[in-house]
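Q: I would like the atomic coordinates for the input below:
(chains A and B)
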Amino acid sequence: MTNVVIAGYARSAFAPAKKGSLARVRSDELAADVVRALVSRTGVKAEDIEDIIVGCSFPEGEQGMNVARLIGLLADLPLSVAGTTVNRFCGSSMTSIHIAAGAIQMNAGEVFLCVGVESMSRVPMGGFNPMPSPKLYAAKPEAYIGMGDTAENVAQRWQITRAQQEEFAVKSHQKAAAAQADGRLTAEIVPISNGKSTFERDECIRPDASAEALAGLKPAFSKEGSVTAGTSSPLTDGASAVLVCSEDYARRHNLPMLARIKSIAVAGCAPEIMGMGPVAATRKALARAGITANELDVIELNEAFASQAMACIRDLELDPAKVNIDGGAIALGHPLGATGARITGKAAALLKREGGKYALSTQCIGGGQGIATVLEAI
Amino acid sequence: MEIRTVAVIGAGVMGASIAAHAANAGVNVLLLDIVKPGNPNRNAIAEGAIERLKKMDPAPLMGSRAVRLIKAGNTEDNLDDLKDADWIVEAVIERLDIKQALYKQIDAVRKPGSVVSSNTSTIPLKELASGLPESFTRDFCITHFFNPPRYMRLLEIVGGEGPQFAALQKFADVKLGKTVINCNDTPGFIANRIGTYWIQSAMVLALELGLEVEEADAVMGKAMGFPSTGVFGLMDLVGIDLGPHVNASLARLLPGSDAFHSVNRDTGMIEKMIAEGYTGNKGKGGFYRSTRGPDGKRAKTALNLQATAQGKLEWRSSKRADIPLVKDARKDLKKLLNSDTKYGKYAWGVLGRVLAYTASLVPEIGESIADIDAAMRLGYTWKFGPFELIDKLGAAWVASRLPELGLKTPVLLERVGQGKFYQPGEGGAMTQFALDGQYRPIPRAPGVLLLEDIKRVQKPVLGNKSASTWDLGDGVLCFEIHAEIRGSLLNMLDGDVLGILEKTVALVGKSYKALVLYNDDLREAPHKTNFSTGANIGMAYMMANIRLWGKIEGSMKDGQKLYQAMRYARFPIVGAPAGRALGGGCEMLLHCSAVQAYAESYIGLVEVGVGLVPGWGGCATMLTRWSQDKQQPKGPMPAVAKVFEIVSTATVSRSAAEAIELKFLRATDGITMNRDRLLADAKARALAMVAENYTPPEPPVLNLPGATGRVALKMAVDGFHARGVATDHDVTVSAALAEVLTGGDTDYLDPMTEDDVMALERKSFMGLIRTKESQARIKSIIDTGKPLRN
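A: Next up is the predicted model:
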């Protein structure tokens, strides 16, 4: 079977929605800047790219109109490069990678750009026109449950206290702040210029986050609840991109390979505990890779909320020391559609940087799903 | 010359607030302050001041646009930018040397003919100007604003002659909305000269007569037409540390014979309070403080005035002063002033002194008694000026009682004798008494039209106890609401009010060209007045109690019909609100052909506060306006969600500018900054529409989402409920509102008319008013004036 590799990863720095440096930047232009940089950094021949596959959670407004095609045009890719937009909410751009891997394996192209983008400043969560089905809502109201409520449900059922969530959140900030200070995030970030200034530093990280400060916050979703803004990932703007190609192609063209894609999986779960989606998806992916969780050396598990991230770590018996080494979404931010490509690209880059054999990237998805990718060192 | 760019130097509270208000007027503003040593950001002080402007309460800024007009800078790097300013306001520390040094720097860069003014309250013009070249002083004057500059309508100007000052006065009047009083260059000008004397007398006499602060404030408050805070409460509000500066400057500048010295006694109390940080509301509290009791609860305490005589600062729990004499004083002030109680002695002791002092200051501080009265009304929010008060009491009566206070009768009071200071002259226009014994007209500036002037010379065309219609001339009628409830002009809408409105609309259709909806309440601070606070819910509550559901629904239909008749009338109807326009009052404006609003208009659909939904076409009109906004994203939901957000939270605009942002007003509606110009502007607007062959609008067509939209809104409300932001009954009311705004059982492809939406308004309204929870909300507002959160 054709081996598929990740041969490049880049992203914009992430900024808090509405008040951050990307609030006035269009999603399509932001993603195009990242794409342009990734193509030039990897040295891939643009005309070899089969398709640009863009994941986006709310593909409308400035990130609508099959934004993938528009990003390709904005980035001055050859007209021969096709473009498609995919939506699996937070799992969108990891799905982009999965689609590319499948296509490569069935010989439907050799090189793919797998991109994710979300401007939560400019397109609201839920979109401009939320129009739920009254019939489905009557039968299964949980289909539309708010993400915060699912985090509360997980905290309750898995008995994760507020103090534990806050300790987890503080650690995420500390790890991200240390990575930022040591320059460990610099290589992956594409500077975004608006003509006047350049944006190249993640803005959601709070190096001074403390358990005491977090303890003072009000519950964000339920009066009696334990989940606060401090233990949730912030609304974020950002874009990320991964170059996916066959191992043959990479070797032929001397592209810098980060990791090989070993297995992939998706799985559904109950919508009201969507945060537990990574458990079933990861188990499937590990089984398909023929390995166990304790063989993983690097794990990128999206921190949509501290409660679900902790519950997944517990259920999957992951080693916390290997999870989100450079910080997770609570600190870095979670631009919905962009996160899947970020954590998969990051897992690949970390596997190369830290050494080891296997890496995992996995995340939960609104509506009740999980998605997972197992990577293997080259 | 026209003032298009303003610079303010000094970004303290006054300077920054003046800059904010100039921005409210729509001009570019440069705000400068010094460079803060050690701060890498050289504009830190001015930028910090602009940030604070956004958070201050009451808000100095009228809308989100205004703040973008203010540019921050510093006096080292940006002095050159002053060359663009038509008017440069100096609002720096009250030190002559600093001010004069700054004037020299300004003079070196300013453009020829620009006006420079000082906002000083304590330094005379001749001192400020001394030693400066004539080329500077001929463009220099004092512009003395009152705090807060957005809300206080008085602007005292000292000095200045020539076209550049005419431009400044016009700008201050029309754009800043101020009543400009030209003052002589005398200490404290007009308002502070009298106001400081009033405050000092009230403080000293309270100590002397053994009154507590609550008692003194009850006497020297609303009952006599003074601000409801009373004098001690007022000092807390403006800052106790301000007094000594003003007093010291008056003491320095006034001749030894001036009566001010007799009340400027050093009690030791104020200095001690300031030294210990009790500077009023901005500090640790003042005469009143909110402190935590032994039970941990906050409670209001008041300074024990009498203990201060022994040099002690002690606060005890505050108690409301319940003094029957004071309660009656609004109707019978003389009864209080004649009383032999300590309250009576206090009331007359202070008032008699203030009135005599004021009369003795003519012509020193100004020749026009109308100007002096206006200064006290607009600068100190007195309901009546001192000469109006004398007229109320009788000049001879006032004179007869001055000897009790050991005071001589001032010449002016002697001259007016048995007469009055104000009396109607030929043709009915009001005239004022002058020192030479003559009555002279009170000039009204061009573009100022007051209903009170019209009322003096004509009878209403239509009218009853709650509403009247007046003829403004040129074919324009003015519909005025004057519906009092318990002494307050709440201007609630009931059968009486709407009956006159209906007849007026019919009459204009037959015999006139246009209609203006407007009312005068010039004795109240404009931001406390009411255009209309909406439908008379007391009446609705009564009918609900005896289950007259049909009658309630009938009056809803009548209201909808009347408002529709207004919207589709063949002549223009111009709403001219000032102050609050809430609920049905807001809906009245929503149905006008155009609105000319006073800048201080507070407009909102607040029905959910009493557990109801807008029922006179408010929902339909707001949906139409938001749907037609091309800035909004497309699709069935954005307009619905926006209106739902505004109405379900009972959002009230904090200015006319903000009302445009919320679409209670249209971008094409006008804003008048000067309250006195509102009626004339509205009339002019109506006549302009007549001249342009006004035609009524086409009825709108709405495409609403139906059930799917309702589910989307319900999910949002459920979230608020879970977070504890929305109460149980909020959920019910929101669902009823969502039913209206999403179009009931419609499908997005089915066009709906206003009538369809108004039928839904009635259905939701009638469903809600039957619930005991909504009835409890209504009762709470009627009984306590406070909303019930059930």
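Q: quick one: secondary structure of the residue nearest the centre of chain A?
A: By C-alpha atoms, centre = their mean, chain A has its centre lying nearest to residue A:339, at 1.7 Å. Secondary structure state of residue A:339, per DSSP: H, G, I helix; E, B strand; the rest coil, is helix.
Q: doesn't residue A:301 make contact with it?
A: No. The pair residue A:339 / residue A:301 is not scored as a contact, 11.1 Å apart, by C-beta atoms under 8 Å. The way it works is simple: take the backbone N, C-alpha and C, and place the C-beta from them, glycine included.
Q: pull up the overlap in contacts between the two.
A: Shared contacts of residue A:339 and residue A:301 (C-beta atoms under 8 Å, 6 or more residues apart in numbering or on different chains): residue A:363.
Q: what's the closest non-adjacent residue to residue B:534?
A: residue B:583 (2.7 Å; C-beta to C-beta, 6 or more residues apart in numbering or on different chains).
Q: identify the residues contacting residue B:205.
A: For residue B:205, the contact set (C-beta under 8 Å, 6+ apart) comprises B:211, B:346, B:349, B:350.
Q: need the contact list for the first one.
A: For residue B:211, the contacting residues are B:205, B:219, B:305, B:342, B:343, B:346, by C-beta under 8 Å, 6+ apart.
Q: which positions in stretch B:318-333 come out as buried?
A: Residues B:318, B:321, B:323, B:325, B:326, B:329, B:333 are the ones in stretch B:318-333 that count as buried (16 or more other C-beta atoms under 10 Å in any protein chain shown).
Q: format those residues as JSON lines; extra columns: distance to residue A:69.
A: What follows is these, written out as JSON lines (distance: C-beta to C-beta, whole Å):
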{"residue": "B:318", "distance to residue A:69": "70"}
{"residue": "B:321", "distance to residue A:69": "76"}
{"residue": "B:323", "distance to residue A:69": "79"}
{"residue": "B:325", "distance to residue A:69": "83"}
{"residue": "B:326", "distance to residue A:69": "78"}
{"residue": "B:329", "distance to residue A:69": "78"}
{"residue": "B:333", "distance to residue A:69": "80"}
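Q: I'd like these as a markdown table, with secondary structure, distance to residue B:506 and pLDDT appended.
A: Formatted as a markdown table, the buried residues of stretch B:318-333 follow (DSSP: H, G, I helix; E, B strand; the rest coil; distance: C-beta to C-beta, whole Å; pLDDT from 0 to 100):
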| residue | secondary structure | distance to residue B:506 | pLDDT |
| --- | --- | --- | --- |
| B:318 | coil | 54 | 91 |
| B:321 | coil | 51 | 88 |
| B:323 | coil | 50 | 91 |
| B:325 | helix | 49 | 90 |
| B:326 | helix | 47 | 91 |
| B:329 | helix | 44 | 89 |
| B:333 | helix | 43 | 94 |
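Q: max pairwise distance over the residues you listed: which two?
A: B:318 and B:333 (25.9 Å; C-beta to C-beta).
Q: can you give me the strands for chain A?
A: A:4-12, A:15-16, A:49-55, A:82-86, A:111-119, A:189-190, A:192-193, A:198-199, A:236-246, A:259-268, A:296-301, A:358-365, A:369-376 (DSSP state E).
Q: burial of whichever residue of the stretch 201-350 of chain B sits closest to chain A, as a residue count?
A: Among the residues of the stretch 201-350 of chain B, residue B:296 lies nearest to chain A; the distance is 18.8 Å by C-beta to the nearest C-beta. Neighbour count of residue B:296, defined by other C-beta atoms under 10 Å in any protein chain shown: 6.
Q: what strand or helix carries it?
A: For residue B:296, there is no enclosing helix or strand under DSSP states H and E.
Q: would you agree residue B:177 is in contact with residue B:655?
A: No. Contact criterion C-beta under 8 Å: residue B:177 and residue B:655 do not qualify, at 11.5 Å.
Q: now for the two: what residues contact both?
A: Counting by C-beta under 8 Å, 6+ apart, the shared contacts of residue B:177 and residue B:655 are residue B:599.
Q: distance check, the residue nearest to residue B:534 against residue B:702.
A: Distance of residue B:583 to residue B:702, given as C-beta to C-beta, to the nearest Å: 22 Å.
Q: okay, the two: which has more neighbours?
A: residue B:583 (27 against 21).
Q: tell me the pLDDT of the more buried one.
A: What the model reports as pLDDT for residue B:583 is 98.
Q: swap in residue B:562?
A: Turning to residue B:562, the model gives it a pLDDT of 98.
Q: touching chain B at all, stretch A:128-146?
A: Yes. Stretch A:128-146 reaches chain B (C-beta under 8 Å from any C-beta of the partner chain) through A:128, A:129, A:130, A:131, A:132, A:133, A:134, A:137, A:144, A:146.
Q: burial count for the closest residue to the last one other than its chain neighbours?
A: Closest residue to residue A:146 apart from its sequence neighbours, by C-beta to C-beta, 6+ apart: residue B:719 at 5.6 Å. Using other C-beta under 10 Å, the number of residues around residue B:719 comes to 17.
Q: show me what contacts residue 352?
A: All of this refers to chain A. For residue A:352, the contact set (C-beta under 8 Å, 6+ apart) comprises A:258, A:259, A:377.
Q: should've been chain B
A: By C-beta under 8 Å, 6+ apart, residue B:352 lies in contact with B:398, B:401, B:402, B:404, B:405, B:407.
Q: burial measure for whichever residue of the stretch 201-350 of chain A sits closest to chain B, as a count.
A: Across the stretch 201-350 of chain A, the shortest distance to chain B (C-beta to the nearest C-beta) belongs to residue A:223, at 3.5 Å. For residue A:223, the count of nearby residues is 11 (other C-beta under 10 Å).
Q: repeat that for the one 10 residues further on.
A: Using other C-beta under 10 Å, residue A:233 has 28 neighbouring residues.
Q: residue A:303 is in contact with that one, correct?
A: Yes. Contact criterion C-beta under 8 Å: residue A:233 and residue A:303 qualify, at 5.9 Å.
Q: which neighbours do those two have in common?
A: Contacts common to residue A:233 and residue A:303, judged by C-beta under 8 Å, 6+ apart, are A:328, A:329, A:330, A:334.
Q: list the contacts of the first one.
A: Contact analysis of residue A:328 by C-beta under 8 Å, 6+ apart lists A:172, A:175, A:176, A:233, A:300, A:301, A:302, A:303, A:309.
Q: could you list the low-pLDDT ranges of chain A?
A: Judged against pLDDT under 70, chain A has no low-scoring part.
Q: now do residue A:189 against chain B, distance only.
A: Residue A:189 is 26 Å from chain B, where distance means C-beta to the nearest C-beta, to the nearest Å.
Q: with residue A:76 instead?
A: Counting by C-beta to the nearest C-beta, the gap from residue A:76 to chain B is 29 Å.
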